[in-house]
Structures are given as C-alpha cells and as structure tokens.
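*Asks:* Pasting the sequence and the predicted model now:
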Amino acid sequence: MSGPGVLAPFAGDEALQARIRAYIESHPEAAGLIRDIASYIDSLGSPPAKRKKTEAADELVKVEYEPSLPAMPAVTIRDVSFTMPLRKKYTIIISNRSLQVVQPTDHSKVELDIPLRSVAFAACLGVPERATPLWNFVVFRSNSDLYGAANKDAATEPLVFSVPETFAKTASGPLFDAMETQIKLEIEARPDVKPENSDSSSDISDEDDEDVLTYKRLLLRAFANAGVEVALPDPEVFHASKTSRHSKTEPEYHVSCHRGSKEGVLYFFNSGVFFGFKKPLLFFPIDKIEAITYSSITRVTFNLTVAVLVSRPGSSDEHEEEFEFSMIDQSEFGTIDSYVRMFKLSDRSMAEERRAKKELKQDRDDTAVNNGDSELAKASRELAALGDSDEDPEDESDDENFEDEDSDDGGSPSGSEDDSDDSGSGEEAEEASDDED
C-alpha cells in the first residue's frame, strides 16, 4: 500500500495521486520502484511546477538548477556515437550538474567532464539527408571557440553526438525509470488501452511517439532538469522551402551551403545562426551579429556573409569578422529574407538594439515587423528586372567549376567518407566506431 511519503512529491495533484495509489494496489511489485522515483523527485528540491510544450507529444519539465544539491546521476546512456571531439562510441552520464563522457568498459575513466552551467549553446538537430531519422546533439562549452579558431584541442572543441529516433534501450537511471513509469501510467489511464503485464520496453510501441521514451526525449528532459536550454528548430522562426524526407507535412530546417570548399548546412534560431557539421562548427549569437549581407547573386545561387563581433577565448577585446557561405540555392531567398527581416539583421544600426534587447530579455516579436525592403529583396527585384535574358555565361561557368572542384571533396552533411574533419552524420560515426571497436 502506498504511504504518504510516496505521494508527497505529487501533492496538489489529487488525480495523479489516485492513479499512483491504484497502480501500486494492482501492481504491488512496483511499490519499491515508485518509492525510489518519489524520493528522487523530492531530492530535486521541489516538484516540477511548469510544463513547456516543445513539440507534439513531447513535454519537458523544467526543474530549477540548485547548486547546493550534490551531483546525482540522472541517466546513463551506453553506445553513444560521438563525432566531435573524438570519433568513437562512449557512455554518457548526465547528472543535475555535469555531463560526463566515460569509457564504455570502465566508467571510472572519464574522457570529458563538462559542468552543465558552463554550456554556452546547445542544440538538437536532425541529421540532414538521412534515410532514417537521426538526431545530432551539439554542445558548445564556455571555453569553446564559437567562431572556429584553428585550435582543435579536445578541451575547446564543441561536442557532437548522435542518437537514433528509437526507444532508449541502452539507457538506465532514475530519470529513465521515472519517465518510463510516467508513460506507463498515462497509457493505463486511457479507458481504451489495457496493456498486458510484460517487460517495460515491450509495453511501449515505437509506432506512437507519445508512448515511446526515445533517446531524444530522454536527453531533452535530462538537459532541461539541469537548467540547460537546448535549441530546437522552430517553424515560427525559420524553416526551409523544401519538405522533410521523413514527413510530407514537416519542413526541413536547414539550408545547404559551402564554407570554402566544404559543404555544410545552416540553421537559424532566435538565439543565433549555426553552421555544421564540417569542422570547424560555427555559432553566431544573435546579439553579436552586426549584419547579414548578400553577394554573387545568380539565377541559381547566392552567397551570404555574416559580420559578427568576435572575441577569442581568454580575451575581452572584440573586433568584427566576416564569414561567407556560398552556393545557397535561390529557392531559399524568401526563407532567409524572412529571418533577416524578423531580426533586422540587414541594418547595422540595429546591432546595438539587438544587444540591448538580449540584455533586457525583451520579446523579440516586437521587432519582427520591418516595412522596409531588405537588401535581399531589392537584389531579387533587380534580378527579375533582367527579364528572360540568359544567365551570364561567366556566372554559370563559375558555378560549374565550383561544383567540379568540390567533387573530390564531396563534403556531404549526410556523412560521406570524404573528409577527416567531417563531424556530420551519426552513420559515419557509427562506421568509424564499429571499426575501432
């Protein structure tokens, strides 16, 4: 029978308490597990008070980070494929205070120990051009170089690791147990669902995302509980013109481009612009962007240049640098233009205002309306004014030559075998790690 100690963390939700009580009465063997879950939740300092919907059927519980609490391992995940800073499979252990990367056979051998309060930027991004869904988690540490200096020390490189969109079968720990039990309780509470008694993993079907504790869902909750905000693509902020290969109704959220001779992708967030997954990874915080301009506009492609204020690690002095991304498809003209206009990134005079608004944590929706034409829109009209005349042969030959020059490199974000600096797909990481194992 459930006692007051088991139900205490759920005070204020009588319906949930009744469901837990009924579940324990019908499943006495689960009493110990639910008691441990209640103790764990209680040890976090306060029960989850606020739920935030991040995507359909996926809710994150925000738990305030409490520095005075001891480090408590929340979840352990085995066989995680890393592509940066090391290309190998490791075990990760996430507590309320840190993310540890450890050797699979000996957890006492810690390769990396990252305080989660020091994370500068984190994102969860779908790996482009994958036949099956795969998620890249990107973590920039406070000492990471956001602008990709030549230093490739493992202590300063960001982390990139990949997980499939499947049930988290290699995960364990109190958070995993708590979330799995929560899903089971929600399933049993439905009047039309009567699951049979069986192992935990077999109770959950991969056919219904709401009923699956996926790696992505588990990791997002673990980061949220530690106070780390993980950026997710937001269609209200930016989405590409093409649709996802995994869904006819879901758009893609990346734009293909080149950085020098390497092919990569750009993601646009309300917090900034990210380039991956070729080394070096780049992240431009929105408050550091001075302007975004366009050049080499043809009927097929255009180039984008991001001017940002740069301060290298260990120095407080800032100076402006420009980063150019080329060979962006003309079909993304409008999508990128909408983002630039939303944050007024074509106007250098607005840079100080953007920084001030970040410091004051004001809602950027107030700046979304810009009645003036952007530089990109003007260029598009000028291009249209040329009528139906043929494209400049020189521009066309330049594009062809560029593609020919890259054919040997082939740098595809889907994880081709072209480049040792590729930090892209989990598929390539898995091949590398399998060879190494």
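*Replies:* Everything's here; your move. Residues are numbered from 1 along each chain as shown.

*Asks:* The closest residue to residue 132 other than its chain neighbours pairs with what?
*Replies:* Nearest residue to residue 132, sequence neighbours excluded (CB to CB, 6 or more residues apart in numbering): residue 164, at 7.1 Å. (Each C-beta comes from the backbone N, C-alpha and C, glycine too.) Taking DSSP bridges as the rule, residue 164 bridges to residue 134.

*Asks:* Do you know the pLDDT at residue 164?
*Replies:* Note on residue 164: pLDDT of 95.

*Asks:* Any idea how many residues pack against it?
*Replies:* 19 (other CB atoms under 10 Å).

*Asks:* I'd like the distance between it and residue 216.
*Replies:* Look at residue 164 and residue 216: by CB to CB, to the nearest Å, they are 9 Å apart.

*Asks:* Give the residues shared as contacts by these two.
*Replies:* residue 135 (CB atoms under 8 Å, 6 or more residues apart in numbering).

*Asks:* follow-up on the earlier one: so the residue nearest to residue 132 touches residue 134, yeah?
*Replies:* Yes - the criterion here is CB atoms under 8 Å, and residue 164 meets it with residue 134 at 5.7 Å.

*Asks:* quick one: terminal-to-terminal distance for stretch 326-338?
*Replies:* Length of stretch 326-338, first residue to last, CA to CA, to the nearest Å: 19 Å.

*Asks:* Can you show me the helices along the stretch 201-350 of the chain?
*Replies:* Assigned by DSSP state H, counting those that start in this stretch, the helices in the stretch 201-350 of the chain fall at 215-225, 333-342.

*Asks:* Pipe the ones you listed into a markdown table and attach mean neighbour count, mean pLDDT and distance to residue 307 per row.
*Replies:* Formatted as a markdown table, these follow (neighbours: other CB atoms under 10 Å; pLDDT from 0 to 100; distance: least, CB to CB, whole Å):
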| stretch | mean neighbour count | mean pLDDT | distance to residue 307 |
| --- | --- | --- | --- |
| helix 215-225 | 23 | 95 | 31 |
| helix 333-342 | 19 | 93 | 13 |
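
*Asks:* Identify whichever of those lies nearest to residue 185.
*Replies:* helix 215-225 (16.0 Å; CB to CB).

*Asks:* and that closest one, what other elements does it pack with?
*Replies:* strand 58-61, strand 73-84, strand 88-95, strand 119-126, strand 134-141, strand 159-164, helix 174-189 (3 or more CB pairs under 8 Å, 6 or more residues apart in numbering; DSSP states H and E).

*Asks:* Mind putting these into TSV with distance to residue 279?
*Replies:* Below are these laid out as TSV (distance: least, CB to CB, whole Å):
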stretch	distance to residue 279
strand 58-61	30
strand 73-84	7
strand 88-95	16
strand 119-126	16
strand 134-141	12
strand 159-164	10
helix 174-189	32
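
*Asks:* between those, which gets the lowest average pLDDT?
*Replies:* strand 58-61 (a mean of 35).

*Asks:* what's the span of stretch 279-286 from first residue to last?
*Replies:* Termini of stretch 279-286 sit 21 Å apart (CA to CA).

*Asks:* and the gap between residue 216 and residue 94?
*Replies:* On the measure of CB to CB, residue 216 and residue 94 end up 14 Å apart.

*Asks:* What residues of the helix or strand that residue 31 is a member of count as buried?
*Replies:* Here residue 31 sits within helix 31-43, counting by DSSP states H and E. If you call a residue buried by 16 or more other CB atoms under 10 Å, then helix 31-43 has these buried ones: 31, 33, 34, 37, 38, 40, 41.

*Asks:* how near is the third one to residue 177?
*Replies:* When CB to CB is applied, the distance between residue 34 and residue 177 equals 9 Å.

*Asks:* Repeat that for the fourth one.
*Replies:* The span separating residue 37 from residue 177 equals 6 Å under the rule CB to CB.

*Asks:* Look at residue 317 and say how many residues are nearby.
*Replies:* With other CB under 10 Å as criterion, residue 317 counts 7.

*Asks:* Please name the nearest non-neighbouring residue to it.
*Replies:* The nearest residue in space to residue 317 (CB to CB, 6+ apart) is residue 311, at 6.2 Å.

*Asks:* do the same with residue 138
*Replies:* Closest to residue 138 by CB to CB, 6+ apart is residue 123, at 4.8 Å.

*Asks:* Likewise for residue 273?
*Replies:* residue 284 (4.6 Å).

*Asks:* and the one you found, how many neighbours?
*Replies:* Residues near residue 284, counting by other CB under 10 Å: 22.

*Asks:* Any figure for the gap between it and residue 121?
*Replies:* 10 Å.

*Asks:* between those two, what contacts are shared?
*Replies:* With CB under 8 Å, 6+ apart as the test, residue 284 and residue 121 both reach 146, 272, 274.

*Asks:* Show me what the second one is bridged to.
*Replies:* Following DSSP bridges, residue 272 is listed with bridge partners residue 269, residue 285.

*Asks:* That one contacts residue 120, correct?
*Replies:* No - look at residue 272 against residue 120 with CB under 8 Å: they stay out of range, at 10.6 Å.
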